[in-house]
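pasting the structure only:
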């Protein structure tokens, strides 16, 4: 890759790790990296092509109510994320974000599938990850929780009002075995990361 301003490229990478998991807006980085908006986008393409960063685009068909363009950007490694955020010791509130990173990495690495999406409304309802399915099959919704007891149905319920049907998963490290709950008219499966990968493996996902 031809990098005209190596220091700006390195600064962008550091800033992306520091805000990893957040919504990406290229214009926020122009002044701090001393480069144009287009150069920020070009450098992000390089980081994504080399698997240093993962761009997770929004899932949307109801454009009036959903975020439709702004991606989230995740750094490839939780150690780098913690370092660039200045976390010498992890607090309980830090663990959920890092768990979300790990779930994304495992889906992409073990399933070799990179077209993972996220969903968010303009009013703030959100689902961590959405996996589109082929044809008219409803998408899969995934919520990442460091503690399964902290799960709130609000995000998935809002998602399913627009996209009914499809599997709903809550993935947490405190679960030894999968189990399902019916909450209202929704069925939610609670499971660990290995069981999530097993549940997803072999599904007819939309192309990468």
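Arrived safely. Since we're looking at a predicted model, the values are computed, not measured.

so residue 101 is in contact with residue 74, correct?
Yes - judged on C-beta atoms under 8 Å, residue 101 makes contact with residue 74 at a distance of 5.7 Å. The C-beta positions use only the backbone N, C-alpha and C, and glycine is treated the same way.

what residues does the longest helix seen in the chain touch?
Secondary structure of the chain per DSSP state H: the longest helix is helix 92-111. Helix 92-111 is contacted by residues 20-21, 54, 56, 74-76, 78, 81-82, 87, 90, 113-114, 116, 128-129, 131, 142, 144-146, 171-173, 193, 196-197, 200-201 when judged by C-beta atoms under 8 Å, 6 or more residues apart in numbering.

on that earlier part again, residue 101 and residue 74: who's more crowded?
Neighbours per residue, other C-beta atoms under 10 Å: of residue 101 and residue 74, the larger number sits with residue 74, 25 against 21.

now do the contacts for that one.
Residue 74 touches 20-21, 53-54, 56, 101, 104, counting by C-beta under 8 Å, 6+ apart.

the residue nearest to residue 131 when sequence neighbours are not counted - how many residues pack around it?
Here the nearest residue to residue 131 in space, its sequence neighbours aside, is residue 140; by C-beta to C-beta, 6 or more residues apart in numbering that works out to 4.2 Å. Neighbours of residue 140 under the rule other C-beta under 10 Å: 21.

tally of neighbours for residue 136?
6.

for it, grab phi and psi.
Per-residue torsions, residue 136: phi -100, psi 10 (degrees, to the nearest 10).

that one and residue 31: what is the separation?
45 Å (C-beta to C-beta, to the nearest Å).

and for residue 135?
Distance of residue 135 to residue 31, given as C-beta to C-beta: 45 Å.
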